[in-house]
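**Q** Next comes the sequence, and after it the predicted model I'd like to discuss.
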Amino acid sequence: MESKELSAGSIIEARCSKCRDILNHTIIAMVDDTPALVMCNTCQGRHKYRVPKVKKTPTAKTATTATPKPRKSRKSPQELECEQWQELSVALKRAEAKPYGIDSSFSVNNVILHPVFGLGKVQRKVATNKIEVLFEQGMKLLRCA
């Protein structure tokens, strides 16, 4: 590629401030050997000469050193409850389970037997008449006395 000498009236590629793109420009004024003022051939806008930025391509060295770290995936609440259940289910004994009834009272860590949800463990008291129980299907809010 041959290098031609630049002068006023020459066509040169520059970054246009109005078009926001690299386009052909006509040189209007020069300072020493560099263009100072140019006019866009597309929008006819006049502005200082802005050197077109060259897009950098990643080299082999940069590609190998900048390997992204694998992301740690967050577990959903359902997955966490399932893991909790797997840990608890080993220690739960059906014989020690207290049958669930809306008129019964329960405390934290009681093992209960619900007619629909099955075996569960009371995790916490939410209010005076409600408890959160962890069942195999997940956490359930139940009424009690």
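**A** Received it, and whenever you're ready, just let me know what you need.

**Q** any weak-confidence spans in this protein?
**A** For the chain, the stretches flagged by pLDDT under 70 are 1-3, 55-56, 58-66.

**Q** which residue ranges form the helices in it?
**A** For the chain, the helices defined by DSSP state H cover 60-65, 77-91.

**Q** Return the most buried member of these.
**A** helix 77-91 (a mean of 12; mean count of other CB atoms under 10 Å). (Each C-beta comes from the backbone N, C-alpha and C, glycine too.)

**Q** Mind putting the helices of the chain into TSV with distance to V54?
**A** As requested, the helices of the chain are exported to TSV (distance: least, CB to CB, whole Å):
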stretch	distance to V54
helix 60-65	16
helix 77-91	47
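
**Q** for these, which one sits closest to E5?
**A** With CB to CB, the closest approach to E5 among the helices of the chain belongs to helix 60-65: 36.0 Å.

**Q** Where do the strands of the chain begin and end?
**A** Assigned strands in the chain, in chain order: 11-15, 22-31, 34-40, 46-48, 98-99, 111-114, 118-127, 130-135, 138-143 (criterion: DSSP state E).

**Q** Now distance to K69 and mean neighbour count too, for those strands, in CSV please.
**A** Shown next, in CSV, are the strands of the chain (distance: least, CB to CB, whole Å; neighbours: other CB atoms under 10 Å):
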stretch, distance to K69, mean neighbour count
strand 11-15, 35, 16
strand 22-31, 35, 16
strand 34-40, 44, 17
strand 46-48, 42, 14
strand 98-99, 48, 11
strand 111-114, 42, 18
strand 118-127, 35, 16
strand 130-135, 34, 19
strand 138-143, 32, 14
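
**Q** wait, which of the ones you listed is closest to V54?
**A** Using CB to CB, the nearest of the strands of the chain to V54 is strand 22-31, at 9.8 Å.

**Q** Note down every partner strand of that closest one and its orientation.
**A** Partners of strand 22-31 in the sheet, by DSSP bridges, are strand 11-15 (antiparallel), strand 34-40 (antiparallel).

**Q** Among those strands, which comes closest to V116?
**A** When the strands paired with strand 22-31 are compared by CB to CB, strand 11-15 sits nearest V116, at 69.1 Å.
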